[in-house]
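Colleague: Structure of the sequence below:
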Amino acid sequence: MKRRSLPVAAALTVTAALLSTACGSGDDKSGDNNKIAGVGQAAESPKKSADSPAAPAEDKPDGVDVSLPKDMNLVFDWDKPKDKNEAAAMDDAANYLRAIYRGVAKRTTKDAAVTTYSTGEGLHYAQVQINEWIKGGWTAEGTRRHYDSTTRSAPNGKSVEVAFCADTGKFYGKEVKTGKVVKTKPSLKDFGYYKVVMVKVPTGEGLWQASKVFVETSAEKCR
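Modeller: Reported below is the predicted structural model:
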């Protein structure tokens, strides 16, 4: 994925989940694992051992690795906006989602991708969601699709709201210890409507960061 080459895509909604804990359709058996916990960890770049394979250049749009495991697929069926800033903000909204799931896969809130593509409440939100997966002993497997995207710029041009639907019906929770994949029956819970407020980083050479996340769960309009 080359920089800006793909048409992909402040108040924090803690009660809604950008990531459905454990699995896309929800898992009522998770119990206390669904509770939101506060996060206050300092961010740091991940340490890479000498024998760790390097990510392909196309997975480093800002020199930061946003690659995901082969069994974790995020699809962005988004039309690229004509406005240059909105297109860039949409690209990095997609990178924000990739960063969160990369954190889930790597079992850490401290991956460089998370802190590169989020700030403020957006960063806190990402950390909370990743921690819920970690605390529950889950990772993810399957395909999560994002579609019906729209963008809206602030009058000052410094922020862009990226809104979209998401379908998690084929995105499942997988127990880390056992490798067991938990699948649920299709339901309205598979669909969510999201608004991510992206802010432009003054010295980031075109970098945009997620600063706020609003979520409507069980979104009928996305079905």
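
Colleague: The longest helix along the chain: which residues count as buried?
Modeller: The helix that spans the most residues within the chain, counting by DSSP state H, is helix 84-106. Across helix 84-106, burial judged by 16 or more other Cβ atoms under 10 Å covers 85-106. Placement of C-beta: from N, CA and C, glycine included.

Colleague: mean confidence score for it?
Modeller: The average pLDDT within helix 84-106 is 97.

Colleague: Identify the residue nearest the residue nearest to the spatial centre of the chain in space, chain neighbours excluded?
Modeller: For the chain, the residue nearest the mean C-alpha position is Leu97 (1.9 Å; Cα atoms, centre = their mean). Once flanking residues are discounted, Leu97 sits nearest to Leu74: 6.0 Å by Cβ to Cβ, 6 or more residues apart in numbering.

Colleague: Show me what counts as buried in the strand or helix carrying that neighbour.
Modeller: If you go by DSSP states H and E, Leu74 is part of strand 72-77. For strand 72-77, burial by neighbour count (16+ other Cβ under 10 Å) applies to 72-76.

Colleague: Kindly report the same for stretch 113-126.
Modeller: Going by neighbour count (16+ other Cβ under 10 Å), the buried part of stretch 113-126 is 113-119, 121-126.

Colleague: any chance of the residues you listed in JSON lines, plus distance to Cys165, pLDDT and secondary structure?
Modeller: Formatted as JSON lines, the buried residues of stretch 113-126 follow (distance: Cβ to Cβ, whole Å; pLDDT from 0 to 100; DSSP: H, G, I helix; E, B strand; the rest coil):
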{"residue": "Ala113", "distance to Cys165": "23", "pLDDT": "97", "secondary structure": "helix"}
{"residue": "Val114", "distance to Cys165": "23", "pLDDT": "97", "secondary structure": "helix"}
{"residue": "Thr115", "distance to Cys165": "27", "pLDDT": "95", "secondary structure": "helix"}
{"residue": "Thr116", "distance to Cys165": "25", "pLDDT": "96", "secondary structure": "helix"}
{"residue": "Tyr117", "distance to Cys165": "20", "pLDDT": "97", "secondary structure": "coil"}
{"residue": "Ser118", "distance to Cys165": "21", "pLDDT": "97", "secondary structure": "strand"}
{"residue": "Thr119", "distance to Cys165": "24", "pLDDT": "97", "secondary structure": "coil"}
{"residue": "Glu121", "distance to Cys165": "22", "pLDDT": "96", "secondary structure": "helix"}
{"residue": "Gly122", "distance to Cys165": "19", "pLDDT": "97", "secondary structure": "helix"}
{"residue": "Leu123", "distance to Cys165": "24", "pLDDT": "97", "secondary structure": "helix"}
{"residue": "His124", "distance to Cys165": "24", "pLDDT": "96", "secondary structure": "helix"}
{"residue": "Tyr125", "distance to Cys165": "19", "pLDDT": "94", "secondary structure": "helix"}
{"residue": "Ala126", "distance to Cys165": "20", "pLDDT": "98", "secondary structure": "helix"}
